[in-house]
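Asks: sequence unknown, structure follows:
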């Protein structure tokens, strides 16, 4: 076997050192790109949406994005409230209903979660057939109050639904319409049930 000259030794040592440094830099850069717990992350800024408040004579109020179109459906003589919110840029819609309470819970066949609406225990139901819908509802004083979103543009209408349901409040409005079918108007609430 032939002995390596001293300059060959230096070349081998230099190659080994460069390989170690290269591997070290690779792993250092990979590690530095991982976010460690407690490390500050700059939040992504989302445009602030201007809200407005809907006050309904059927005894409730809620906030919604000001850029939505509102149809009160005054031609609806069967329900206490039928407020439809739409946006031409986002397919889908939300309808806020107040109806006489049905004999049994009207929303079945979906994923159901417990939630609140206007400070009262309520149900949130996600259904996928025949169309994807998200409904939050509560029965009180023999009336069904519900916020029903058609989720064609799911991301947009989920956000609007959350805005409406989180701001939904029962009001003591003496101008509530006379009951259809003998149900009491939605204006007889204890102070504990009212969310300001």
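Replies: Received it, and whenever you're ready, just let me know what you need. Bear in mind the structure is a predicted one, so any value in this text is a computation, not a measurement.

Asks: who's residue 135 bridged to?
Replies: Assessed by DSSP bridges, residue 135 has beta-bridge partners residue 125, residue 148.

Asks: Show residues contacting stretch 118-125.
Replies: 60, 105, 107, 110-116, 133-138, 140, 145, 165, 168-170, 193-195 (C-beta atoms under 8 Å, 6 or more residues apart in numbering). (Glycine included, C-beta is placed from N, CA and C.)

Asks: An error on my part: the question was meant for stretch 146-159.
Replies: Residues contacting stretch 146-159 (C-beta under 8 Å, 6+ apart): 62, 87, 90-97, 99, 117, 131-138, 160-161, 164-165, 168.

Asks: Buried subset of the residues you listed, written for ChimeraX?
Replies: For the buried members of the contacts of stretch 146-159, the matching ChimeraX selection, counting by 16 or more other C-beta atoms under 10 Å, is:
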select :62,87,90,92,93,94,95,96,97,99,117,132,133,134,135,136,137,138,160,161,164,165,168
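
Asks: just checking, residue 158 is part of a helix?
Replies: Yes. Using DSSP: H, G, I helix; E, B strand; the rest coil, the secondary structure at residue 158 is a helix.

Asks: count of neighbours near residue 105?
Replies: 13 (other C-beta atoms under 10 Å).

Asks: For it, pull up the helix or strand it's in.
Replies: Using DSSP states H and E, residue 105 sits in no helix or strand.

Asks: can you tell me which residues contact it?
Replies: Counted by C-beta under 8 Å, 6+ apart, residue 105 has contacts 123, 139.

Asks: If we use 10 Å, what do you get?
Replies: 112, 123, 125, 137, 139, 144 (C-beta atoms under 10 Å, 6 or more residues apart in numbering).

Asks: next one: the helix or strand where residue 12 lies to chain centre, how far?
Replies: Element membership for residue 12, per DSSP H and E: helix 6-32. Offset of helix 6-32 from its chain centre (C-alpha atoms, centre = their mean, to the nearest Å): 52 Å.

Asks: And the helix or strand following that helix, what's buried?
Replies: Next in sequence after helix 6-32, counting helices and strands by DSSP H and E, comes strand 51-56. For strand 51-56, burial by neighbour count (16+ other C-beta under 10 Å) applies to 54, 56.
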